[in-house]
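Visitor: Give me a model of this one.
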Amino acid sequence: MERRFILAIVLMLLVALLPSLFLKKPAARRTGAPADTNRAGVESAAATTPPVVAPSAGAPVRPSIAVPAETVWVTSPLYRLGFSTSGGRLVHVELLQFRSFAAQDSARDVQLIPPGTGLLGMRLVQGADTADLEHWTFKPNVAPLRVTGPGTKLTLIAERGGAQVTLEYTFSPDEYRFDVAGHVAGLGRTGAVLALDLGQGLRSVEADSTDDFRHYAVVTKAGKTQSTAFQSLKPGEAKLLDGPFEWVGVKSKYFLLAALTLEENEPKFAGSIAVGGARTGKTASRAAVSVTLPVAAAGDMRFQVYAGPLEYRRLAAVGHDLDDANPYGGVLRPFIQPVSIWVVNILLWMHGNLHLAYGWVLVIFGILIRVLLWPLNQRAMESSIRMQAVQPLIKATQDRYKDDPERLQREMMKIYKEHQVNPLGGCLPMLIPMPVLFALFFVFNNTIEFRGVPFLWLPDLSRADPYYIIPVIMGLSMFVLSKVGQMGAPPNPQATMMLYFMPIFMTVLFVRFASGLNLYYAVSNIFSIPQQYRIARRRMAQQRAAKPAPAPS
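Guide: Residues are numbered from 1 along each chain as shown. Okay, here's the model as predicted:
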């Protein structure tokens, strides 16, 4: 989809530049399945760096043989979490504010963890010894637990062979983030390392699971944020990611599960390892991910977990560049990210403060952009008229100095200066709306606020129009805008060809893009037509005034 959009960018630049150049200078002479990787041993590392332990890629949550596993449920207005008493693993994450669009879920609440798997499984590594907590049976202090206020706690305790592991979870009713504090006692030597399992990838809850899988990635933050796509990992391939990391997460298109060490006095994650999972098709849907965390000499460990939506404002409020877990722009990120963030904040502000549906917000936003650019467009179109007025002089100069390129260039610059003509003056203002259009492509492709939002006949602004109505309107508006813009212009075969070809081509190209993007583009085009028409009338009036009077009979 991004490759198609980059192609669209190139073609729109051609639409913006070439016709205006042709019209101005007609006389110019030159032209998923779960991974089956077995549990690996301890990776070797430098003496100063804690070991990075390979994750368990295909191990489901297995109950203890002696005691059947139970699920401890934690419920808040935002989520419903399930912790298994076998290993203390998180086996269920249900987001109560979001609905699944996957066919098998029948519009149930979003569930992030694939069936038969779990995450936050822990192994304690001391030298060559590994204590796998997956087979330890934990006892909760309370079950079930309802989160009614900040600081609500769940404690899980497990004992085996004189050793004891305590896990304390602290929840807040209005946060998808919760604290995890652990204490280990009786395991002998100090200097342990916690190997924390982040699972095998999230459950796809989108109607287009293939598109969702393309967004699956491991995201990390050390000095800067980095992303490793599941698609880049071959089945069974292990990729070591060097820390220390402030946070490590696994994301889908709209959701994130991440482990975070954000406090200044907390040790950071030493490293992470991702193992590519088996594939049933070309698209990767699974990769087993784990991180390592040094355990203090006293046996204490502390980190946070975020399990929720990729909401820009929520992630930005956490800080530490957590909002970069959902970057805008792909390969164009350095240019698109700032514009995308600006656009997102404006749209969210308009929606929240004007109390309008997002569809109407897009309509108003499209008109607002054109209003702000009206003076620049006016100046560009007037420059085009002046350029057309001096075309006879330019042509005569080109004919006179065709054998002297240096003199021709000097004379052309003299004409431009005397007549206050900029040969690119009509092109550049036309390119100013382009970054907003490009940014909106990635905004609709990544921003969960638009997920599942209907408008008029459109069932979801983040997905294509199933009836193809809005792409056709966009194409027609593009044709009318170009047609009006050519009124009174000198005949030009290239411009005429693009007049008919480009709207058709762009409609075909945009037909599978987000309907919200098509809506914005169509409104922007339609609102530009009156200005184009006014300029076209001035051009035609100028042509009539420039015609010589008929000779007297």
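
Visitor: tell me which strands and helices the stretch of helix or strand Lys395 belongs to is in contact with?
Guide: Element membership of Lys395, judged by DSSP states H and E, is helix 391-400. With contacts defined as 3 or more C-beta pairs under 8 Å, 6 or more residues apart in numbering; DSSP states H and E, the packing partners of helix 391-400 are helix 405-418. All C-beta atoms are positioned from the backbone trio N, CA, C, and that covers glycine.

Visitor: sorry, back to before: quick one: buried residues of the helix holding Lys395?
Guide: 391, 394, 397-398 (16 or more other C-beta atoms under 10 Å).

Visitor: average model confidence for stretch 345-363?
Guide: In this model, stretch 345-363 carries a mean pLDDT of 93.

Visitor: in it, what's buried?
Guide: Buried residues in stretch 345-363, defined by neighbour count with 16+ other C-beta under 10 Å: 347-348, 350-351, 358-359, 361-363.

Visitor: measure it end to end?
Guide: 16 Å (C-alpha to C-alpha, to the nearest Å).

Visitor: to the chain's geometric centre, what's the distance from it?
Guide: 19 Å (C-alpha atoms, centre = their mean, to the nearest Å).

Visitor: thinking again about what came up before, which one of the buried residues of helix 391-400 is nearest Ala102?
Guide: Nearest to Ala102 among those, counting by C-beta to C-beta, is Gln391 at 59.8 Å.

Visitor: Quick check: the closest one vs Met540, distance?
Guide: Plainly put, Gln391 is 15 Å away from Met540 if you go by C-beta to C-beta, to the nearest Å.

Visitor: How about Gly329?
Guide: Gly329 is 42 Å from Met540, by C-beta to C-beta.

Visitor: Looking at these two, which has the bigger crowd around it?
Guide: Gly329 (19 against 13; other C-beta atoms under 10 Å).

Visitor: With the flanking residues excluded, which residue is spatially nearest to that one?
Guide: Ile336 (3.2 Å; C-beta to C-beta, 6 or more residues apart in numbering).

Visitor: Tally up the residues packed near the one you found, please.
Guide: Count around Ile336 with other C-beta under 10 Å applied: 22.

Visitor: Give me the contacts around the host helix or strand of it.
Guide: Using DSSP H and E, the element containing Ile336 is helix 333-354. With contact meaning C-beta atoms under 8 Å, 6 or more residues apart in numbering, helix 333-354 is reached by 312-313, 327-330, 356-358, 361-362, 364-365, 435-436, 438-440, 442-443, 447, 449.

Visitor: same thing with stretch 468-477?
Guide: 457-458, 464-465, 503-504, 506-507, 510-511, 513, 515, 518-519, 521-522, 525-526, 529.

Visitor: so what's the closest residue to Gly186 other than its chain neighbours bridging to?
Guide: Using C-beta to C-beta, 6+ apart and skipping residues adjacent in sequence, the residue nearest Gly186 is Ala163, 3.8 Å away. Beta bridges link Ala163 to Arg160 when assigned by DSSP bridges.

Visitor: confidence score at Ala163?
Guide: Ala163 is given a pLDDT of 85.

Visitor: ditto for Val305
Guide: 95.

Visitor: What lies in contact with the host helix or strand of it?
Guide: For Val305, the host element (DSSP H and E) is strand 300-309. Defining contact as C-beta under 8 Å, 6+ apart, one finds that strand 300-309 is touched by 78-79, 81, 90, 93, 95, 97-98, 112, 120, 176-184, 194, 196, 249, 254-263, 266, 269, 293, 295, 314, 318, 322, 448.

Visitor: Heading C-terminal from it, find the next helix or strand.
Guide: helix 312-318.

Visitor: returning to that earlier point: who does the strand holding Val305 pair up with?
Guide: Counting by DSSP bridges, the strands paired with strand 300-309 are strand 177-185 (antiparallel), strand 255-260 (antiparallel).

Visitor: what would these look like in a markdown table with mean neighbour count, distance to His419 and mean pLDDT?
Guide: Shown next, in a markdown table, are the strands paired with strand 300-309 (neighbours: other C-beta atoms under 10 Å; distance: least, C-beta to C-beta, whole Å; pLDDT from 0 to 100):
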| stretch | mean neighbour count | distance to His419 | mean pLDDT |
| --- | --- | --- | --- |
| strand 177-185 | 19 | 63 | 91 |
| strand 255-260 | 25 | 58 | 94 |
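
Visitor: To Arg214, which of these lies closest?
Guide: strand 255-260 (14.4 Å).

Visitor: Can you dump the C-alpha atoms of that closest one in PDB for me?
Guide: Listed next in PDB are the C-alpha coordinates belonging to strand 255-260 (Å, rounded to 0.1, in the frame of the first residue of the first chain):
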ATOM      1  CA  PHE A 255      -2.300  -1.900  19.300                       C
ATOM      2  CA  LEU A 256       0.900  -2.300  21.400                       C
ATOM      3  CA  LEU A 257       2.100  -4.500  24.200                       C
ATOM      4  CA  ALA A 258       5.400  -3.100  25.700                       C
ATOM      5  CA  ALA A 259       7.600  -3.600  28.800                       C
ATOM      6  CA  LEU A 260       9.000  -0.300  30.100                       C
END
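
Visitor: residue ranges with poor pLDDT in the stretch 1-150 of the chain?
Guide: Residue ranges of the stretch 1-150 of the chain with pLDDT under 70: 1-68.

Visitor: What are the boundaries of the helices in it?
Guide: 2-24 (DSSP state H, counting those that start in this stretch).

Visitor: which parts of stretch 150-165 are buried?
Guide: For stretch 150-165, the buried set under the neighbour-count rule, 16+ other C-beta under 10 Å, comprises 152, 154, 156-158, 164-165.

Visitor: Mind splitting the chain into its structural domains?
Guide: 2-30+336-546, 71-326 (automatic domain parsing).

Visitor: what's the most buried one of these?
Guide: The highest average neighbour count among the domains of the chain, using mean count of other C-beta atoms under 10 Å, belongs to domain 71-326 at a mean of 19.
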